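Novice: for reference, the sequence and a predicted model appear below.
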Amino acid sequence: MQKFKGRGTNQNPANRFDKIEYIAEHCESPEEERKLETKYFKDNSKTIVAFNDSPDIYGNASINVYRGCEHGCVYCYARPTHEYLSLSTGIDFETKIFVKHDAPKLLYQTLASKNWQPQVIMMSGNTDCYQPVEKKLKLTRACLEVLSAFRNPVCIVTKNKLVTRDIDILSKMAEFKTVSVFLSITSLDNRLASVMEPRTSKPHLKLEAIKELSDAGIPTGIMVAPVIPGLTDHEIPRILKYASAAGAKHASFVMLRLPYGVKNLFLNWLDEYFPGRKQKVVNKLRELYGNKLYDSTFYVRGRGKGAYAEEVRNIFKISCRKFGINKERLSLSTAHFKNPEEKQLDLFSI
Ligand code: SF4
């Protein structure tokens, strides 16, 4: 199989909606690593806020400025969404990124609409809003400017320290309780992170981001996501300890989720990097998900059930208590929502 430098996977499995599959039978130099450039495509979506009614997900509304994610985490449960674009969950997902250049304008129109009910909007509900191209395009930043102007609350989850670039906007939003930021940390092991989530910020940079954000008065938390049974589960207490020391006040976790083609991507990745751990990981997943590798049932996905699930929950809870996390409830407010255009009208009505 061809190898790609700095990517989460080397595979491009068939799209589950396609009837015909292309299989490459010959590869000139399978062991040689090849550099594969990321390509960007214009996404002409006409709406920007997506709604879901999943009872086990925080926040019904979300914005995804980018489709696909260059961070390339091998375990990413958003990978199968690329199949709706006639692409693959594999290398396509991390190298063919669709960009919603109109996102800030569409967001402004949505929030200014009379039909808009002020509510928390999730950023990175699907793919990371601070993935590398955001450094240049600044679309997430422009969306934050819109959210800040309307004082509409936002909850950001990211694996990239780039979020600290926007501290100027985020700290203003914090004054109105309209922002929280969660850094997502899977492991503090650099070697593991570099092959498992190759283009995310290194673990110590994520901790630095927590410190800078919380020092700026922005409510900051840590997502231990995903917890990989048999591979990273033992790191939970340590991650919470360091996150707390950096200033994280809130925490949550998500268990590994392997929908559709992500299962094989992940199992093949284990074969390549951690063959000795594979059986242990598989056994734990089967324990969590009723003898399957994944169960998408609400409240089971992302948590699992049974004795092992309970054990992880308890370790997480005890560690949070020990390190002073989740002492206060995180609450975002819609009380200060205002339409910046209506300010003009107010002036005229004086
Ligand atoms: S950063 Fe998030 S969205 Fe991007 S690949 Fe990793 S898990 Fe997926």
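Specialist: Okay, I see it.

Novice: any idea of the mean pLDDT for stretch 125-136?
Specialist: For stretch 125-136, mean pLDDT is 96.

Novice: which other residues reach it?
Specialist: 38, 40, 50, 52, 57, 59, 62-71, 78, 81, 97, 99, 123-124, 140-141, 143, 156-160, 162-163, 165, 199-200 (Cβ atoms under 8 Å, 6 or more residues apart in numbering). Every C-beta, even on glycine, is put in place using the N, C-alpha and C of the backbone.

Novice: check the residues you listed one by one and keep those near the ligand.
Specialist: 69, 71, 78, 159, 200 (Cβ under 6 Å from any ligand atom).

Novice: what is the burial count for the second one?
Specialist: Read that as residue 71. 22 (other Cβ atoms under 10 Å).

Novice: ok, it to residue 91 distance?
Specialist: 13 Å (Cβ to Cβ, to the nearest Å).

Novice: contacts made by stretch 37-52 with the rest, please.
Specialist: 60-64, 67, 70, 94-103, 106-107, 110, 121, 125, 132-133.

Novice: over to residue 103: give its phi and psi.
Specialist: phi -50, psi -50 (degrees, to the nearest 10).

Novice: can you pull the contacts of the residue nearest to it when sequence neighbours are not counted?
Specialist: Setting aside the residues directly before and after it, residue 103 is nearest to residue 65 in space (Cβ to Cβ, 6 or more residues apart in numbering), at 4.7 Å. Applying Cβ under 8 Å, 6+ apart to residue 65 gives the contacts 99, 100, 103, 123, 129, 134, 139, 140, 143.

Novice: need the residues of the stretch 51-200 of the chain near the ligand, please.
Specialist: 69, 71, 72, 73, 76, 78, 127, 128, 159, 197, 200.

Novice: kindly recompute the last result at 5 Å.
Specialist: With the criterion set to Cβ under 5 Å from any ligand atom, the stretch 51-200 of the chain comes near the ligand through 69, 71, 73, 76, 127, 128, 159.

Novice: ok, the residue nearest to residue 103 to the ligand distance?
Specialist: Separation of residue 65 from the ligand (Cβ to the nearest ligand atom, to the nearest Å) stands at 12 Å.

Novice: could you list the low-pLDDT ranges of the protein?
Specialist: 1, 20-32, 343-350 (pLDDT under 70).

Novice: ok, longest helix in it?
Specialist: Using DSSP state H to define each element, the chain has its longest helix at helix 307-322.
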